[in-house]
Structures are given as structure tokens and as C-alpha cells.
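S.K.: Build me a model:
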Amino acid sequence: MDLYHFTAGEYLRGIAAHGLTVGDVPTDLWRGSGLVGVWLTSSKVESGHGLAGSALDKARFRLKVNVPEADLHKWRGWAATNVTQETVDALRRVNGSSDRTWFIYFGCVAPDRIVEVVDLATSNVVSNWQNIWPIEISRPGLRFEDRFIWHERLLENVRSRVK
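M.R.: Numbers count the residues shown, from 1 in each chain. Take a look at the predicted model:
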């Protein structure tokens, strides 16, 4: 199934090396709990996905990915039994108005599953996306095997702010 993932230029080299490996899927924001998954959407438009508020422009590039439909979880259906209602409401309040288009993939979207990259600043398809961003300001990315270590650090930060 073809879906989209929005990201900052700083992440492109890491994604090229390791694929899409991480994303926080909160299950209870007030307890600082969640799972590791990759957020995807059926929407080609970057607004309504809660991408604002970061130091990086997470809406700069749109990656079109092809993932097995059997491995996808439609956010609304999955959240109904796995996420607190307060968390769902909070995600909608922080510019999550497009939640009807969201999917979660609990695996690694390998680099060869990225079938197109569009620079939304220019609306151009980028064929050499793996090397377009300057190496000096690129983020290294994260191996799939290290995703749980990354996530635990993230949750610890959340828990320390909630207390």
C-alpha cells in the first residue's frame, strides 16, 4: 500500500542508511508510555499531522512508501483499544486534525520501500534524496535494533516533564 511520511532534510541520510525505524506512538501521555512505530498517512498534504513545533522542518520532505497492507494499523481503530482517550484528544488538539488518515507501521520501512521523495519547498521530485542534504548538518539515523533504546530515552524525557 502506498502511504506517505513527512520528514526533515536532516533525517534523509539516516533514513537512506537505515530506513524509517522510529516514531513515538503515545498510548498515555500523562504516564509517559507508548510504543515504537512509524507514522504514515494517506494524505499528501503536510498539515494536520502535528509536525509543527520542532526545531527541524519535519514537513519539508514527503516520502512515498510502499508497505504491506497486512502490517499496517489504521490509527483510529488501533487507538480505540490501545490509547487513552485523553491522549487521543491531546494529539488532535496539537494540529492532529488529519488523524483519520493516519497509519502505524510497527516495523522498519526499508530504504528500498521509499518509492518517491518530494521536496515540498519546491514541489519537485528528488531523485538523489539520499545525498541532497549537507552531510555536516545531517542526523545519523537509527538502526532498527536500537529503536527501543531511543524510545526509552524519549519516554524518560516525557516522564520527567510530566512529574
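S.K.: residue contacts, the spatially most central residue of the chain?
M.R.: Closest to where the C-alpha atoms of the chain average out (CA atoms, centre = their mean) is W39, at 4.0 Å. Neighbour list for W39: H5, G23, V25, H49, W102, F103, I104 [criterion: CB atoms under 8 Å, 6 or more residues apart in numbering]. The C-beta positions use only the backbone N, C-alpha and C, and glycine is treated the same way.
S.K.: CA atoms only for stretch 113-133, dumped as CSV, please.
M.R.: The C-alpha coordinates for stretch 113-133 follow below in CSV (Å, rounded to 0.1, in the frame of the first residue of the first chain):
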residue,chain,number,x,y,z
ARG,A,113,10.4,0.8,0.1
ILE,A,114,10.7,4.5,-0.4
VAL,A,115,9.5,4.9,-3.9
GLU,A,116,9.4,8.7,-4.2
VAL,A,117,10.7,11.8,-2.3
VAL,A,118,9.3,15.3,-2.9
ASP,A,119,10.9,18.5,-1.7
LEU,A,120,7.8,20.4,-0.6
ALA,A,121,9.6,23.7,-0.6
THR,A,122,10.0,23.4,-4.4
SER,A,123,7.3,20.7,-5.2
ASN,A,124,10.0,18.8,-7.1
VAL,A,125,10.6,15.1,-7.0
VAL,A,126,14.1,14.5,-5.7
SER,A,127,15.8,11.5,-7.3
ASN,A,128,19.1,11.7,-5.3
TRP,A,129,17.4,12.3,-2.0
GLN,A,130,19.9,10.2,-0.1
ASN,A,131,22.6,12.8,-0.7
ILE,A,132,20.7,16.0,-1.2
TRP,A,133,21.1,17.3,2.4
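S.K.: for it, which positions count as buried?
M.R.: Neighbour-count burial for stretch 113-133 flags R113, I114, V117, V118, V126, W129, I132, W133 (criterion: 16 or more other CB atoms under 10 Å).
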